[in-house]
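Asker: Dropping a prediction and its sequence here:
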Protein chains: 2
Amino acid sequence: MTARIIDGKLLAAQIREQVSSDVQALKAMNRSVRLAAILVGSSPAARVYADNQARTFAQAGVEYELHELADQITQAELDAVLATLAKDPGVTGIMVHLPLPPHINTQQTQYHIDILKDVEGVNPANIGNVLYGHPIIAPCTALAAVALIDTTGVPLQGAEVTVVGASRIAGRPAALLLTERGATVTVCHIHTRDLVRHTQRADILVVAVGKPGLIQPRHVSPGAVVIDIGINRVTATDATGKSATKTVGDVDFQAVSETASWITPVPGGVGPVTVAMLLKNTVRAARLVHGLDQPF
Amino acid sequence: MTARIIDGKLLAAQIREQVSSDVQALKAMNRSVRLAAILVGSSPAARVYADNQARTFAQAGVEYELHELADQITQAELDAVLATLAKDPGVTGIMVHLPLPPHINTQQTQYHIDILKDVEGVNPANIGNVLYGHPIIAPCTALAAVALIDTTGVPLQGAEVTVVGASRIAGRPAALLLTERGATVTVCHIHTRDLVRHTQRADILVVAVGKPGLIQPRHVSPGAVVIDIGINRVTATDATGKSATKTVGDVDFQAVSETASWITPVPGGVGPVTVAMLLKNTVRAARLVHGLDQPF
């Protein structure tokens, strides 16, 4: 069979359209939607990323402020910035760009992001609320993976799902959301003895490792749904010696397309939907901050 | 084969001995160890449980205060009590007895337990910190399950673990801790299509459902380790018409003992170790509150 492609760009566009409309509705009620992003230290790459993000928020009508903090900032100073933003009634969303410098504790920093303004869903309390089955704001990548599965119409309740990759940012939160939806979830990782055995019995395979070509047809049950969270930059050199860099996932897309029933491409799959979920979470945070939604 | 019994009473006694010694050491440094327990509404059963618990803490040298609150207390009032206890420098541990009355939101209440004083590890932030791989205080039942496995010497890294039961209090937190230890974990529950298939491939089977006799020999791979978290009261009537009530787990202990390599009994397995972990967490909380341990 040849897999149908799950169109992440299309889903992202639909979500973003809804977000723009929701932001306009909030503005019409004189409720602000304003994101504060924190960038510690200045690498050119992080700066480019932050600029792109500013544009994304602007397109959705979200006000955006970038706080550029010195590389030498102390943990206490950073926590204090987050406390100030938590209290600022004009700020409805907060995010902290990673990675942080080595002397800063990421987990402690994320704990100091106000849980109602935590648009990335990375405060440990928001992770715990996902486990408790009543998320306030859930992590964007996990939300994207679930939303992409939902577009296929394949039911999650009772489905066998194998998540490959136990990262704190993607694999583990996705496993929590999928369990909450009634799937039987197995989380595989570097210590898993027999990866193929676990991936082969999956109705739905979610991959978040960061290793190009990791998932081959032998890993995939005929007719499975394959969600590729991996984003890898690879450089290939052709016969003429010319090299080109491209973005690929963890799944061998061409080969696995012959086995799967549905598959997300990279780029154009999980990536754009994750960005759209960040925007959707930004609306959710604003509604929570303005008391239009209740957290519990 | 006949399974060796994992002696929860013995492990619990060892942990409690260490706890008593740790509490004495803290007292010798003039650092208090004082638990505040909250009981909302008054059922005779809850009252008996609270009294038993008071005795357990007293035996370990932990000071104990019970706050009995009226059934009609509002959410805001309860949250305020928790905020007062969070600020009270004389209180180093806080726990809230469940169940709470229907008009009280359990998740919101648990979120208001100070994370450093949260001896049961139920604040969603403490759950999230387990997922992030750096627990501050982890849930007692999950800690007990892992500690009992560790006594067998069977390595968790790379082990196939099936957790039966996706409860918020036991199954899901246990799955997080086991994943963090390098096990390949599958969480099964009411929607799982083929339970036997999942339990049969487990090196380690952790069961937390609350259904007597759920796990039979056909569920268990020869030589597996079986951890039974279930606690059920069952009444049996004998041939003479005399009925007796006893406590059993979710596993058919006699029958499964012929298949497993190690098995926890009920009573005398997970139960006493869970109580011991509550005491151990109480010491941990006191050390955090007094600044002797660092949360991050």
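Answerer: Received the coordinates, thanks. Numbering: from 1, shown residues only, chains lettered A, B, ... in the order given.
Asker: Helices along chain A, start to end?
Answerer: Taking DSSP state H to define them, one finds helices in chain A at A:8-28, A:44-59, A:75-87, A:106-111, A:124-131, A:140-152, A:171-180, A:195-200, A:253-256, A:270-289.
Asker: who does the third one touch, helix- and strand-wise?
Answerer: Judged by 3 or more Cβ pairs under 8 Å, 6 or more residues apart in numbering or on different chains; DSSP states H and E, the packing partners of helix A:75-87 are strand A:34-40, strand A:63-69, strand A:93-96, helix A:106-111. C-beta: built from backbone N, CA, C; applies to glycine.
Asker: Include distance to residue B:232 when you put the helices of chain A into TSV, please.
Answerer: As requested, the helices of chain A are exported to TSV (distance: least, Cβ to Cβ, whole Å):
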stretch	distance to residue B:232
helix A:8-28	45
helix A:44-59	52
helix A:75-87	45
helix A:106-111	38
helix A:124-131	24
helix A:140-152	34
helix A:171-180	24
helix A:195-200	32
helix A:253-256	45
helix A:270-289	40
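Asker: export those helices to CSV and tack on mean neighbour count?
Answerer: What follows is these, written out as CSV (neighbours: other Cβ atoms under 10 Å in any protein chain shown):
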stretch, mean neighbour count
helix A:8-28, 17
helix A:44-59, 13
helix A:75-87, 15
helix A:106-111, 20
helix A:124-131, 27
helix A:140-152, 23
helix A:171-180, 26
helix A:195-200, 18
helix A:253-256, 16
helix A:270-289, 25
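Asker: Which of those comes out lowest on mean pLDDT?
Answerer: Of all the helices of chain A, mean pLDDT reaches its minimum on helix A:44-59 (a mean of 89).
Asker: Using PDB, write out every CA atom in that helix.
Answerer: Provided in PDB are the C-alpha atoms of helix A:44-59 (Å, rounded to 0.1, in the frame of the first residue of the first chain):
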ATOM      1  CA  PRO A  44      23.100  34.100  16.300                       C
ATOM      2  CA  ALA A  45      21.100  30.900  15.800                       C
ATOM      3  CA  ALA A  46      18.900  31.500  18.800                       C
ATOM      4  CA  ARG A  47      18.400  35.100  17.700                       C
ATOM      5  CA  VAL A  48      17.300  34.000  14.200                       C
ATOM      6  CA  TYR A  49      14.800  31.600  15.900                       C
ATOM      7  CA  ALA A  50      13.500  34.300  18.200                       C
ATOM      8  CA  ASP A  51      13.000  36.700  15.300                       C
ATOM      9  CA  ASN A  52      11.100  34.100  13.300                       C
ATOM     10  CA  GLN A  53       8.900  33.400  16.300                       C
ATOM     11  CA  ALA A  54       8.200  37.100  16.700                       C
ATOM     12  CA  ARG A  55       6.900  37.100  13.100                       C
ATOM     13  CA  THR A  56       4.700  34.100  13.800                       C
ATOM     14  CA  PHE A  57       3.100  35.700  16.800                       C
ATOM     15  CA  ALA A  58       2.700  39.000  14.900                       C
ATOM     16  CA  GLN A  59       0.800  37.200  12.100                       C
END
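Asker: Out of the helices and strands packed on helix A:75-87, the one nearest chain B is which?
Answerer: Checking the helices and strands packed on helix A:75-87 against chain B by Cβ to the nearest Cβ gives helix A:106-111 as the closest, at 3.9 Å.
Asker: which residues touch the closest one?
Answerer: Residues outside helix A:106-111 that contact it (Cβ atoms under 8 Å, 6 or more residues apart in numbering or on different chains) are A:75, A:78-79, A:82, A:96, A:98-100, A:118, A:122-125, B:125, B:129, B:132, B:134, B:295-296.
Asker: Apply 7 Å and report the result again.
Answerer: Outside of helix A:106-111, the residues within contact range by Cβ atoms under 7 Å, 6 or more residues apart in numbering or on different chains are A:75, A:78, A:96, A:98, A:100, A:122-124, B:125, B:129, B:132, B:134, B:296.
Asker: What of stretch A:195-208?
Answerer: Here stretch A:195-208 makes contact (Cβ under 7 Å, 6+ apart) with A:145, A:149, A:154, A:159-165, A:167, A:170-171, A:174, A:186, A:188, A:192, A:214-215, A:218-221, A:224-230, A:250-251, B:184.
Asker: First-to-last residue distance for stretch A:209-225?
Answerer: Distance between the boundary residues of stretch A:209-225 (Cα to Cα, to the nearest Å) amounts to 17 Å.
Asker: is chain B contacted by stretch A:223-235?
Answerer: No - contact of stretch A:223-235 with chain B (Cβ under 7 Å from any Cβ of the partner chain) is absent, the minimum separation being 14.9 Å.
Asker: Now the terminal residues of that stretch, how far apart.
Answerer: Using Cα to Cα, the span of stretch A:223-235 from its first residue to its last is 31 Å.
Asker: List the buried residues in it.
Answerer: Going by neighbour count (16 or more other Cβ atoms under 10 Å in any protein chain shown), the buried part of stretch A:223-235 is A:224, A:225, A:226, A:227, A:228, A:229, A:230, A:231, A:232.
Asker: try stretch A:55-73
Answerer: Buried residues in stretch A:55-73, counted by 16+ other Cβ under 10 Å: A:56, A:57, A:60, A:61, A:62, A:63, A:64, A:67, A:69, A:73.
Asker: got TSV for those, with distance to chain B too?
Answerer: Formatted as TSV, the buried residues of stretch A:55-73 follow (distance: Cβ to the nearest Cβ, whole Å):
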residue	distance to chain B
A:56	26
A:57	26
A:60	27
A:61	31
A:62	26
A:63	28
A:64	27
A:67	22
A:69	19
A:73	16
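Asker: Greatest separation within those residues: which pair is it?
Answerer: Greatest spatial distance among these (Cβ to Cβ): A:61 and A:73, at 30.8 Å.
Asker: and the helices and strands packed on helix A:75-87 as TSV, adding distance to residue B:40?
Answerer: Shown next, in TSV, are these (distance: least, Cβ to Cβ, whole Å):
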stretch	distance to residue B:40
strand A:34-40	38
strand A:63-69	42
strand A:93-96	34
helix A:106-111	28
